[in-house]
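fold the following for me, if possible:
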Amino acid sequence: MFRIYLFLIVLVCQCVAIPLTKCQQGVNCFLPRCFCPTFDHPMNLSDIPQMVYFGFDDAVNSQMANHYDFLFLKDNLTNPNGCPISITLLVSDEFTDYSILKRYYQHGFELGVHSVTHTHINTGDKVREEAGDQRDNFVTQVGISKYDVVGWRSPFLITAGDQQIDALKQLGFKYDVSLIYTRPHIDNDDVWPFTLDYGWPFKCHNNRCPKQNHKGFWQVPINPLIDYTHEFTCAFVDGCAYKPRNEAEAYKYIMDNFYRHYNGNRSPFGLHIHAAWFETKHLRDGMNRAIHSMNELEDVYIVNIKQMIEWMKYPTKLSEIKTFDGLGCWPRDKAFLHILLMVLPVSSLFILVIALLVYVIRKLMFRSRHNDYIALNGKKHMNKLVHGSDDVEM
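A predicted model of the protein is given here:
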């Protein structure tokens, strides 16, 4: 009977411990390595910067560059900390002009991987091959360090589930931005980015979501937008069935979705998009107006995905954010730092060598001079020298 009671006690304890397998911030999940899925950030809303990020898919070429230059470069827009606004380019290989890509990287845009072939990549092996090969293209043709390439988006948002995350982690990637979060109601809050330490806890849009735990790997959910009629949702800016018919409607479409975040839970406002949408002039003009309107707000930062995740890992209050390195002026400052780090050791070694040479030369000169003098060893030697004796010991 005692054994039965003991068994029941152990069973109850195990049942009580089961909730601990659910992500609980500050209990079994700690920043910067882990962040639980949530609709409410622990920080006070008034202290949270509204981050806006763009994730552009597909090839980068002169046609698309016209739109990127017009929207993000021509007016030299900066965030409240004085650093240029930034975007993330999720790039596939075919039709990409890597010289243009290099220019954008040097300006401070983030480069993420969107595969080589832009096909259905639905196994871990395919993810590993496509992500690794396209990253290698960045390294060889752009001159970027492979450690700066940390993000992946699946073509057509067709994923490989847990195998995908395993493959990306093995390659050293830090985040995926391929999964859609579906709101229960059109006006509900959007979910914050989170780590997959406890898997994907929401309804799976394509039945290929990661069910296992992947410690420290960030999932940036695609929070659908609401179309300008406020009737339907769409994962991509250019994916809504009802497209804005003029600049005013395009502007309203973007700003209505922005204010859902800005006046809501302050979760990052993600604009997932194909630049071909801007081939229609009034759509590009509407987006341009929206970017300027958002940029005029002192608590709004237009950043790339990697920068946004840095803030997620190290949440910094608005009152202190202007000195937060994660949203700093990169890569200009970073490039300068790299040069400094490369130059300083060389210069230090050079100075050390010169100092040693000077020391050795002075030592040799001293010995040379010393050999020209007689060593006077005591009073006896002094007397012999004074009285003219020439048998003084040397």
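
tell me the contacts of residue 143?
In this structure, residue 143 makes contact with 102, 105, judged by CB atoms under 8 Å, 6 or more residues apart in numbering. (Each C-beta comes from the backbone N, C-alpha and C, glycine too.)

cutoff 10 Å now
Contacts for residue 143 were tallied using CB atoms under 10 Å, 6 or more residues apart in numbering; they are 98, 102, 105, 106.

confidence score at it?
Taken from the predicted model, the pLDDT recorded for residue 143 is 97.

and what of the one 3 residues further on?
We have a pLDDT of 97 for residue 146.

going forward, count from 319.
In the new numbering, first residue 319, that becomes residue 464.

number of residues surrounding it?
By the measure other CB atoms under 10 Å, the count of residues near residue 464 is 13.

surely it and residue 451 touch.
No - proximity of residue 464 to residue 451 does not meet the contact threshold set by CB atoms under 10 Å, at 11.8 Å.

now stretch 636-647: how far from the chain's centre is it?
Relative to the chain's own centre, stretch 636-647 is displaced by 14 Å; criterion: CA atoms, centre = their mean, to the nearest Å.

could you measure from residue 534 over to residue 418?
When distances are taken as CB to CB, to the nearest Å, residue 534 and residue 418 turn out to be 33 Å apart.

then residue 424?
Taking CB to CB as the criterion, residue 424 is separated from residue 418 by 11 Å.

between those two, who's got more neighbours?
Here residue 424 and residue 418 are compared on neighbour count by other CB under 10 Å; more neighbours surround residue 418, at 18 against 14.

list the contacts for that one?
378, 379, 380, 382, 383, 386, 387, 407, 460.

quick one, strands of the stretch 419-568 of the chain?
Listed from the start of the chain, the stretch 419-568 of the chain has strands (DSSP state E, counting those that start in this stretch) covering 428-431, 469-470, 493-494, 512-514, 532-537, 543-544, 551-552.

which other helices and strands contact the second one?
Pointing back at strand 469-470 there. Taking 3 or more CB pairs under 10 Å, 6 or more residues apart in numbering; DSSP states H and E as contact, the helices and strands that strand 469-470 lies on are strand 406-409, strand 428-431, helix 442-460, helix 479-489, strand 493-494, helix 623-631.

tell me which of the ones you listed lies nearest to residue 527.
Go through the helices and strands packed on strand 469-470 one by one with CB to CB and the one that ends up closest to residue 527 is helix 479-489, at 6.5 Å.

tell me which residues of that closest one are tucked away?
479, 480, 481, 482, 483, 484, 485, 486, 487, 489 (16 or more other CB atoms under 10 Å).

same deal with stretch 623-632?
Of the residues in stretch 623-632, those buried under the neighbour-count criterion (16+ other CB under 10 Å) are 623, 624, 625, 626, 627, 628, 629, 630, 631.

what distance separates it from the centre of its chain?
Distance, centroid of stretch 623-632 to centroid of chain: 6 Å (CA atoms, centre = their mean).

stretch 580-587 too?
Relative to the mean C-alpha coordinate of its chain, stretch 580-587 is positioned 20 Å out (CA atoms, centre = their mean).

count of residues packed around the residue nearest to residue 361 when sequence neighbours are not counted?
Distance criterion CB to CB, 6 or more residues apart in numbering; nearest residue to residue 361, sequence neighbours excluded, is residue 633 at 5.4 Å. Neighbouring residues of residue 633 were enumerated by other CB under 10 Å; the total is 18.

I figured residue 633 hits residue 349, correct?
Yes - using CB under 10 Å, residue 633 makes contact with residue 349 at a distance of 7.3 Å.

what is in contact with those two at once?
Contact criterion CB under 10 Å, 6+ apart; residues shared by residue 633 and residue 349: residue 360.

any chance of the helices and strands packed on strand 469-470 in a markdown table with distance to residue 572 as columns?
Formatted as a markdown table, the helices and strands packed on strand 469-470 follow (distance: least, CB to CB, whole Å):
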| stretch | distance to residue 572 |
| --- | --- |
| strand 406-409 | 17 |
| strand 428-431 | 21 |
| helix 442-460 | 29 |
| helix 479-489 | 30 |
| strand 493-494 | 24 |
| helix 623-631 | 18 |
